[in-house]
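*Asks:* just a sequence and a predicted model for now, questions to come.
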Amino acid sequence: MLDGFDPSTIPDPALRQLVQALMNQLEELHAKVRAQADQIQRLRDENNWLKGEQAKPDIKPNKAPRQLSSEAERTVSKPWQKRAKRANLRIDRELVVPLDQSTLPPDAQFKGYQRVIVQDIVLTTDTVRLLKAKYYSPTEHRTYLAPAPPGYEGQFGPSLKALVLTLYFDSGMSEPVIRSLLIQAGVQISTGQISNLLIAHQDRFHQERAAILAAGLQSSPWQHIDTTSTRVDGSNQQCHVLCNPLYTVYTTLPQQDRLHVLDVLRGGGPRVFRLDASAERLMRLMDVPARDQRKLAQLPREQDLSEAMLETYLDTTGRGITEQRRKWIKDALAIAAYHAQRAPPSPIVHTLVCDDAPQWTMLTEAVALCWVHDGRHYKKLEPRMAHHRQLVDDFLKQYWEYYQDLLRYREQPSATEAERLRAEFDRLFATVTGYDALDDRIRITRDKKRGLLMVLSHPELPLHNNPAELGARRRVRKRDVSFGPQSERGKAAWDTFQTLAATAQKLGVRFHEYVRDRICQGTRFPSLAELIALRAQDLHLGASWQAAPPRPAWKPVQVHCWHG
């Protein structure tokens, strides 16, 4: 009965306002009932589990649920073109296929060969018996033995080592499945030996990961960032994904607060703290009371402090400061030290491209927010009234049309178009629909104007954080298969080889061949860090920063949400 009802058709303003209020109350009650039903079902399931029974089976409906992805709305379809699949195919060998001439007529003439490409793979063992030259010196009472060729140290050769690393970290296979495959090929190997191939003696690759991070931070003044959970030896930790179009680096740390995010941006190393004017401004923005700030008066100013020195000072002179305020003080002093670096171990990031999580705020001069992440909140609205559903659909259409305008601006930026888009943002997100949940959501987006329109000042900036979310998805898929590393060495291996695999993919390098080359100490491939530096010169990821005049001294900017 209410499917075609539109309250705007009611001529009496008072009655129209009353009906809209009742419709919004209905939506609020509907959302509350739906949330309570979900909570009741979770409690019933938990009660059944405690009794040793089964929970309600998760049977998917025949009709697909409403998707939260905005891919269809925000993308413009392009004409399909068939890709040349074999353009870069490497020919390993040629096989001449003869034709029995006795089956041919007498006047048949040879006209050459028809080229047909067939792809195949050979999975077989290459067991090598090394005959290492051995000498003995009677005068020195010493035996001299020829070293094994590079890559052949231990019981397994470089191709097998590279294959195990590729299958586990790039292809997402588990250790038991890898062992089963190798046994089928004729290799005698245990689960423990596979584990050692994955995590033991990988210092050279850990150094490559550090070089990739340094080169990636140098390649652009902006970076994508996101986090996802990872269980390490049974405890919950956070995997931080830092990336741009040239690289992806994984760093698993105990938490995801500001101090740990700074650890990622600084590339590791001891934490540094600094009390100066910017730190004091940050503490004021974080609502650290003046009485607590006065307790820092005896700290050395304009000097770098170690974490141990700061902790000792807070334990003695800073008594009475609550744990939360103590955390904010450390955050402020760490951020100030990060931006005051004169010879930083890694370049200072100007802008983070991310979602609106609080831990990203105040770390950098600017934060560019993700339009796709913001758009998902509109997709989560599930109004009961048909009129409200139509309002959501109509607004989302305008939302993604504006997004398309921003994409076109990135291709051809101009000051005039930037001003028009700012005015259009103000007009669009001043919309009042009468559906309270939608209007609240529009207001929240309006409050994020500075971060969402950062692209108007720096057109190189992407409009979404999909690269970091896709990087996090790689970790999630690995976590689903292998659950999580069981030691600190395993955690380091996960971070290092997922970094190498993701970065090699972005640079168009075959991960298996690259890893094998490094195991053999070869120089067939330049390092991934060198490739990042070369590609960065061509892409000009920081063109608008280079063209802009030098920036003044960094000052923290207050943002909509700051607690972390």
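*Replies:* All right, it came through fine. Residues are numbered from 1 along each chain as shown.

*Asks:* quick one: Ile212 from Ser171, how far?
*Replies:* From Ile212 over to Ser171 the distance is 20 Å, taken as C-beta to C-beta, to the nearest Å. (Each C-beta comes from the backbone N, C-alpha and C, glycine too.)

*Asks:* where's Gln498, which helix or strand?
*Replies:* helix 488-507 (DSSP states H and E).

*Asks:* just checking, what packs against that helix?
*Replies:* helix 191-199, helix 203-219, strand 222-232, strand 235-244, strand 247-253, helix 466-482, helix 511-519, helix 528-539 (3 or more C-beta pairs under 8 Å, 6 or more residues apart in numbering; DSSP states H and E).

*Asks:* how about the protein, which residue sits the furthest from its center?
*Replies:* Pro106 (68.0 Å; C-alpha atoms, centre = their mean).

*Asks:* next, that residue: phi, psi?
*Replies:* phi -60, psi -30 (degrees, to the nearest 10).

*Asks:* re the thing from before, tell me the buried residues in the helix holding Gln498?
*Replies:* Residues 490-504, 506-507 are the ones in helix 488-507 that count as buried (16 or more other C-beta atoms under 10 Å).

*Asks:* and Leu352, that's in a strand?
*Replies:* Yes: counting by DSSP: H, G, I helix; E, B strand; the rest coil, Leu352 is part of a strand.

*Asks:* who are the contact partners of it?
*Replies:* Trp222, Gln223, His224, Ile225, Trp360, Leu363, Thr364, Ala366, Val367, Ala368 (C-beta atoms under 8 Å, 6 or more residues apart in numbering).

*Asks:* roughly how far apart are it and Asp495?
*Replies:* Remark: distance between Leu352 and Asp495 (C-beta to C-beta) = 20 Å.

*Asks:* does Tyr113 touch Val96 like I think?
*Replies:* Yes: Tyr113 is within contact range of Val96, at 7.4 Å (criterion: C-beta atoms under 8 Å).

*Asks:* of these two, who's got more company?
*Replies:* Taking neighbours as other C-beta atoms under 10 Å, Tyr113 and Val96 compare with Tyr113 leading, 9 against 5.

*Asks:* where does that one land in three-state SS?
*Replies:* The three-state label given to Tyr113 by three-state DSSP is coil.

*Asks:* one more: Glu460?
*Replies:* Secondary structure for Glu460, judged by three-state DSSP, is coil.

*Asks:* count the neighbours of it for me.
*Replies:* Residues near Glu460, counting by other C-beta under 10 Å, number 19.

*Asks:* can you check the one 10 residues further on too?
*Replies:* Other residues within reach of Leu470 by the criterion other C-beta under 10 Å amount to 15.

*Asks:* state the distance from it to His512.
*Replies:* Taking C-beta to C-beta, one finds Leu470 at 21 Å from His512.

*Asks:* just the pLDDT for Asp76.
*Replies:* You called it Asp, but residue 76 is Val. Looking at Val76, its pLDDT reads 62.

*Asks:* Pro526 in helix, strand or coil?
*Replies:* coil.

*Asks:* could you give the number of residues near it?
*Replies:* Pro526: 13 neighbours (other C-beta under 10 Å).

*Asks:* identify the residues contacting Glu280.
*Replies:* Contacts of Glu280 by C-beta under 8 Å, 6+ apart are Gln293, Ala332.

*Asks:* okay, and it sits in which element?
*Replies:* With DSSP H and E as the test, Glu280 turns up in helix 277-285.

*Asks:* any buried residues in that helix, and which?
*Replies:* Ser278, Ala279, Glu280, Arg281, Leu282, Met283, Leu285.

*Asks:* same check on stretch 372-380?
*Replies:* In terms of neighbour count (16+ other C-beta under 10 Å), stretch 372-380 has its buried residues at Val372, His373, Asp374, Gly375, Tyr378.

*Asks:* just the closest of these to Ala423, please.
*Replies:* Ranked by distance to Ala423 (C-beta to C-beta), the buried residues of stretch 372-380 are led by Asp374 at 19.5 Å.

*Asks:* and the helix or strand where the closest one lies, what does it pack onto?
*Replies:* Element membership for Asp374 (DSSP H and E) is helix 371-379. Helices and strands touching helix 371-379, by 3+ C-beta pairs under 8 Å, 6+ apart, are helix 71-74, helix 386-411, helix 436-447.

*Asks:* please redo it, this time with the cut-off set to 6 Å
*Replies:* When contacts are defined as 3 or more C-beta pairs under 6 Å, 6 or more residues apart in numbering; DSSP states H and E, helix 371-379 packs onto helix 436-447.

*Asks:* rewinding a little: could I get the buried residues of helix 277-285 as TSV with distance to Ala162 and pLDDT?
*Replies:* Below are the buried residues of helix 277-285 laid out as TSV (distance: C-beta to C-beta, whole Å; pLDDT from 0 to 100):
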residue	distance to Ala162	pLDDT
Ser278	48	93
Ala279	48	94
Glu280	53	93
Arg281	51	93
Leu282	47	93
Met283	51	94
Leu285	50	91
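
*Asks:* excluding chain neighbours, give the residue nearest to Asn465 in space.
*Replies:* Cys370 (3.9 Å; C-beta to C-beta, 6 or more residues apart in numbering).

*Asks:* pLDDT below threshold where in the stretch 301-450 of the chain?
*Replies:* 343-345 (pLDDT under 70).

*Asks:* one more time with 80
*Replies:* Scanning the stretch 301-450 of the chain with the threshold set as pLDDT under 80 gives 342-346.

*Asks:* about what we covered before: ok, the residue nearest to Asn465 touching Ala357?
*Replies:* No: at 10.5 Å, Cys370 does not count as touching Ala357 under the criterion of C-beta atoms under 6 Å.

*Asks:* by mean pLDDT, point me to the weakest helix or strand of this protein.
*Replies:* Lowest mean confidence among the helices and strands of the chain (mean pLDDT, DSSP states H and E): helix 71-74, at a mean of 62.
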